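Chemist: sequence-free structure coming up:
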């Protein structure tokens, strides 16, 4: 008897109860699924340019990769053959100059921001300006160095190109190094202070060595970014078709991969355009290697 | 230096910091403070130097420079309104596209759509997009993108040419290829900052939404996005700032023509590509004018970036209380 009554109640209630299971064709579920599909499409579309670029680099640039191309001087207008040797050396040299300025300066500033006086007025201002500088148009770094260095030295030079790149590397290094140094557990530093270390000793023996992988990651990313820059080199390093000639050569116009790509891309000769693709492939490979290294070193350990 | 009062009981290597240690400590603090100050000085010097170089042109051309429409070296008539227009227009178009894709990818990566390994593949793709240099994008634009979109563009012009956006045909470089490439270039910036913004939303908030029986997209659109809105706004503003200053790809793709046109297929010019294309061969007066243009670009990007950072700070404070 009782069982029958409760079943009857249950049955009469079921009709009024809201439907708790979603069905595929109910409006809101359908909309959800359509949006999911749309997101898949958008995300896949975003991968198309990258795949297309890689395909072009390998097909168009890969065909010319050989020792001659990598070492020879760039060809003149109607010449066949030729290569991108001076540009590779030029890019490496200017990135080296930029690194030797910006890496020490950036890491020292990061130590101040992360460790010495993180909340001071000076630290807050510098941190803010470094963030503003990350959005600084790279061409303006070129204009700035042109005005302050090229005009004074009266010549385009590898030095000027290097300084322009350093201006662009600096904020990246400062901000990533600061982040990395902040990740060092406070306990480790406290332990060192507890043993009577001075601040310099804590920084030198605990903070820097522990945070080093993260710092190096930031540095490598900054170097990779600088290697690909072209706008700041346009009128600081200009371009040259010859190898850098010794130390004095650093005070003369210098070629770089990115400017070579820019110059050759607009030329109506197949040979030059092929070389532009090859130079792009070399440049992208350099940058990717640095990126992969940065990623391998940057794996979090704590 | 105090001597150790217990030295007669135990011999130990421990001791207070020596004079050298104190000296080194002082030195290090001084050096790092100097390095931090250097950033301040650098930014001040950049602004000062650009302003100093632009001063003759500012006195010469005054505010008329900002709304003049001709750039004529012979007649010494300089105006950058077409460049300001081109900079804004290309960046806005890029933001529209890059913003849509960037936010969509950020949602895709953070809202449990994907297995972790697949998500990593997409994350790597976005990071690689950020790593490819501007000139390579330019080269790709010239030899892949322009030939690809030219038939589409010209078909649009032929069929709906009365519509201002399609008012001209695409003969090569132009606004459309430039802003498409620009969109690809700012996508990683927008995606990365939006991912951070979405990650900051506490998991409870999403769980509460699901608990009330929302579908996945109701939770995203009505709960997650509004909660992360300020962070995503910061991503868009900073992406816009990136687009404003981008140089090489635009110099190669936009056609460097001083005109104001709504058409997506007309060539145009931007402040940065004006600098890139005119600077190397400019004479003294033109260089002063270009310095003025550089100062204008600096002002625009500074305002946009400071605005973006300010929005981001407000967004972070909302969740982290600092």
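Modeler: Structure received. Owing to the predicted nature of the structure, the values given are computational and were not obtained by experimental measurement.
Chemist: C-alpha from now on. contacts and neighbour counts both.
Modeler: OK.
Chemist: Any stretches of chain A with poor pLDDT?
Modeler: A:1-24, A:299-302 (pLDDT under 70).
Chemist: Chain B too?
Modeler: B:1-13, B:320-322.
Chemist: Show me the helices in it, by range?
Modeler: Here chain B has its helices, by DSSP state H, at B:19-61, B:64-67, B:81-110, B:116-131, B:134-140, B:146-160, B:175-200, B:203-211, B:216-219, B:225-227, B:229-245, B:248-253, B:271-278, B:284-320.
Chemist: and the last one, what does it pack onto?
Modeler: Helices and strands touching helix B:284-320, by 3 or more Cα pairs under 8 Å, 6 or more residues apart in numbering or on different chains; DSSP states H and E, are helix A:121-134, helix A:138-145, helix B:19-61, helix B:229-245, helix B:271-278.
Chemist: excluding its backbone neighbours, what's nearest the residue of the stretch 51-200 of chain B found nearest chain A?
Modeler: Nearest residue of the stretch 51-200 of chain B to chain A: residue B:133, at 4.8 Å (Cα to the nearest Cα). Leaving aside its sequence neighbours, residue B:133 sits nearest to residue A:228 (Cα to Cα, 6 or more residues apart in numbering or on different chains; 4.8 Å).
Chemist: how near is that neighbour to residue A:97?
Modeler: 15 Å (Cα to Cα, to the nearest Å).
Chemist: Which one's more surrounded, the two?
Modeler: residue A:228 (25 against 19; other Cα atoms under 10 Å in any protein chain shown).
Chemist: circling back: the residue nearest to residue B:133 touches residue B:137, doesn't it?
Modeler: No: distance between residue A:228 and residue B:137: 11.1 Å, which falls outside the contact criterion (Cα atoms under 8 Å).
Chemist: Would you mark the buried spots in stretch B:210-222?
Modeler: B:214, B:215, B:216, B:217, B:218, B:219, B:220 (16 or more other Cα atoms under 10 Å in any protein chain shown).
Chemist: Could you check how far the fourth one is from residue A:38?
Modeler: As for residue B:217, its distance to residue A:38 is 12 Å (criterion: Cα to Cα).
Chemist: before we move on, what about the fifth one?
Modeler: When Cα to Cα is applied, the distance between residue B:218 and residue A:38 equals 15 Å.
Chemist: Repeat that for the third one.
Modeler: Relative to residue A:38, residue B:216 is positioned 14 Å away (criterion: Cα to Cα).
Chemist: wait, what's in contact with the residue nearest to residue B:133?
Modeler: By Cα atoms under 8 Å, 6 or more residues apart in numbering or on different chains, the contact set of residue A:228 is A:258, A:283, A:284, A:287, B:132, B:133, B:134, B:135.
Chemist: And those, which is closest to residue A:91?
Modeler: Nearest to residue A:91 among these is residue A:258, at 8.1 Å by Cα to Cα.
Chemist: That closest one against residue B:135, yeah?
Modeler: Yes: counting by Cα under 8 Å, residue A:258 touches residue B:135, with 6.4 Å between them.
Chemist: can you give me the helices for the stretch 51-200 of chain A?
Modeler: Taking DSSP state H, counting those that start in this stretch as the criterion, the stretch 51-200 of chain A contains helices spanning A:62, A:67-71, A:85-111, A:121-134, A:138-145, A:151-153, A:158-182, A:186-194, A:199-202.
Chemist: Kindly reformat these as a markdown table containing distance to chain B.
Modeler: Shown next, in a markdown table, are the helices of the stretch 51-200 of chain A (distance: least, Cα to the nearest Cα, whole Å):
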| stretch | distance to chain B |
| --- | --- |
| helix A:62 | 15 |
| helix A:67-71 | 18 |
| helix A:85-111 | 4 |
| helix A:121-134 | 6 |
| helix A:138-145 | 6 |
| helix A:151-153 | 11 |
| helix A:158-182 | 8 |
| helix A:186-194 | 12 |
| helix A:199-202 | 5 |
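Chemist: For the stretch 1-150 of chain B, what lies in contact range of chain A?
Modeler: Contacts of the stretch 1-150 of chain B with chain A, taken as Cα under 8 Å from any Cα of the partner chain, map to B:16-17, B:21-22, B:24-25, B:28-29, B:31-37, B:39-40, B:43, B:46, B:49-50, B:53, B:101, B:104-105, B:108, B:122, B:125-126, B:128-129, B:131-137, B:139-140.
Chemist: Buried ones among those residues?
Modeler: Buried among these by 16+ other Cα under 10 Å: B:21, B:24-25, B:28-29, B:31-37, B:39-40, B:43, B:46, B:49-50, B:53, B:101, B:104-105, B:108, B:122, B:125-126, B:128-129, B:131-137, B:139-140.
Chemist: Which single residue of the stretch 201-302 of chain A approaches chain B most closely?
Modeler: Closest point on the stretch 201-302 of chain A to chain B, by Cα to the nearest Cα, is residue A:228, at 4.8 Å.
Chemist: and residue A:237, that's in a strand?
Modeler: No: using DSSP: H, G, I helix; E, B strand; the rest coil, the assignment for residue A:237 is coil, not a strand.
Chemist: In contact with residue A:87, which residues?
Modeler: Contacts of residue A:87 (Cα under 8 Å, 6+ apart): A:243, A:254, A:255, A:256, A:257, A:260.
Chemist: roughly how far apart are the closest residue to the first one other than its chain neighbours and residue A:262?
Modeler: In space, not counting the residues next to it along the chain, residue A:243 is nearest to residue A:86; the distance is 4.6 Å by Cα to Cα, 6+ apart. When Cα to Cα is applied, the distance between residue A:86 and residue A:262 equals 15 Å.
Chemist: gap between the residue of the stretch 201-302 of chain A closest to chain B and residue A:93?
Modeler: For residue A:228 relative to residue A:93 (Cα to Cα), the value is 13 Å.
Chemist: and what of residue B:181?
Modeler: 29 Å.
Chemist: which of these two has more neighbours?
Modeler: Comparing residue B:181 with residue A:93 by other Cα under 10 Å, the one with more neighbours is residue B:181, at 23 against 20.
Chemist: what's near enough to touch that one?
Modeler: With contacts defined as Cα under 8 Å, 6+ apart, the neighbours of residue B:181 are B:94, B:137, B:138, B:141, B:249.
Chemist: need those residues in JSON lines with distance to residue B:292, can you?
Modeler: Shown next, in JSON lines, are the contacts of residue B:181 (distance: Cα to Cα, whole Å):
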{"residue": "B:94", "distance to residue B:292": "25"}
{"residue": "B:137", "distance to residue B:292": "28"}
{"residue": "B:138", "distance to residue B:292": "26"}
{"residue": "B:141", "distance to residue B:292": "30"}
{"residue": "B:249", "distance to residue B:292": "22"}
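Chemist: Which of the residues you listed sits closest to residue B:305?
Modeler: Closest to residue B:305, out of all of these and judged by Cα to Cα, is residue B:94, at 16.5 Å.
Chemist: Quick check: the closest one touching residue B:177?
Modeler: No: Residue B:94 lies out of contact with residue B:177 (Cα under 8 Å); the separation is 10.3 Å.
Chemist: that older thread, format the helices of the stretch 51-200 of chain A as TSV; extra columns: distance to residue B:150.
Modeler: Compiled in TSV, those are given as follows (distance: least, Cα to Cα, whole Å):
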stretch	distance to residue B:150
helix A:62	27
helix A:67-71	33
helix A:85-111	33
helix A:121-134	35
helix A:138-145	29
helix A:151-153	42
helix A:158-182	35
helix A:186-194	59
helix A:199-202	62
